[in-house]
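Trainee: Here is a sequence together with a model predicted from it:
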Amino acid sequence: MIGKLEGVCAGTTPDGAALIDVHGVGYAVHVTAPTLARLIDGKSEASLFIHTSVREDALDLYGFETGEELVFFKQLTSVSGIGPKSALGILNLSEVSHLKRTIMQGDAVALTRVHGIGKKSAERIVVELRDKVSSERGATGGARGVDAEVVDALLALGYRVEEARSALKELGGNDTDVSERVAAALKYLGSKQTR
């Protein structure tokens, strides 16, 4: 089983998958639209976590830039009636943190924007994943109040949970204003990247 691919994006296949060239071997990998845009525009190597979908008539690869995306994709495909293409369509809607928040809030309507996901399928996703997503959010540090809002803001900006928690730990617990703590966290994270 393929767990990760690192190579260069050599374009796309006729059906819209990214073609990842790994030392002369081209792998057709289905990715989200934002990931595909970054791969085509990027000059650096592609590094994707891979989910292999095996069916009687096909062997498909699905690629994700982060482990969090891969885990959420697997959670989506664990829901009855949601296949890999539908799960990828859901991931095209927004960032994983926003999608999880949507599920926790019970907003099934937002999920119906994906082709092939009707009202009943969207409600099934919310019902089956709400507890899993909520327990994950609690496991990300149990932040409450201001810190929870700061973590949510950083996740929405694309930072990983570990990065957000690290920034909060550095800041301590003095400020009670969310915007000030977010600004301070961004300053800290920015200084880490320039080192």
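Mentor: Yep, that arrived. Numbers count the residues shown, from 1 in each chain.

Trainee: helices and strands of this protein: which one bottoms out on pLDDT?
Mentor: Of all helical and strand segments in the chain, the minimum by mean pLDDT, DSSP states H and E falls on helix 146-156, at a mean of 74.

Trainee: And it, what's buried?
Mentor: Across helix 146-156, burial judged by 16 or more other Cβ atoms under 10 Å covers Val146, Asp147, Val150, Val151, Asp152, Ala153, Leu154, Leu155. Glycine gets a C-beta too; all of them are placed from N, C-alpha and C.

Trainee: Who are the packing partners of that helix?
Mentor: When contacts are defined as 3 or more Cβ pairs under 8 Å, 6 or more residues apart in numbering; DSSP states H and E, helix 146-156 packs onto helix 96-104, helix 161-171, helix 178-194.

Trainee: so of these, which one's packed in deepest?
Mentor: Across those, averaging neighbours per residue (mean count of other Cβ atoms under 10 Å) puts helix 96-104 on top, at a mean of 20.

Trainee: next one: that helix to chain centre, how far?
Mentor: The gap between where helix 96-104 is centred and where its chain is centred comes out at 10 Å by Cα atoms, centre = their mean, to the nearest Å.

Trainee: and the next element down the chain from it?
Mentor: Using DSSP states H and E, the helix or strand that follows helix 96-104 in sequence is helix 108-111.

Trainee: Which strands or helices does that next one pack on?
Mentor: Checked by 3+ Cβ pairs under 8 Å, 6+ apart, helix 108-111 has helix 119-139 packed alongside it.
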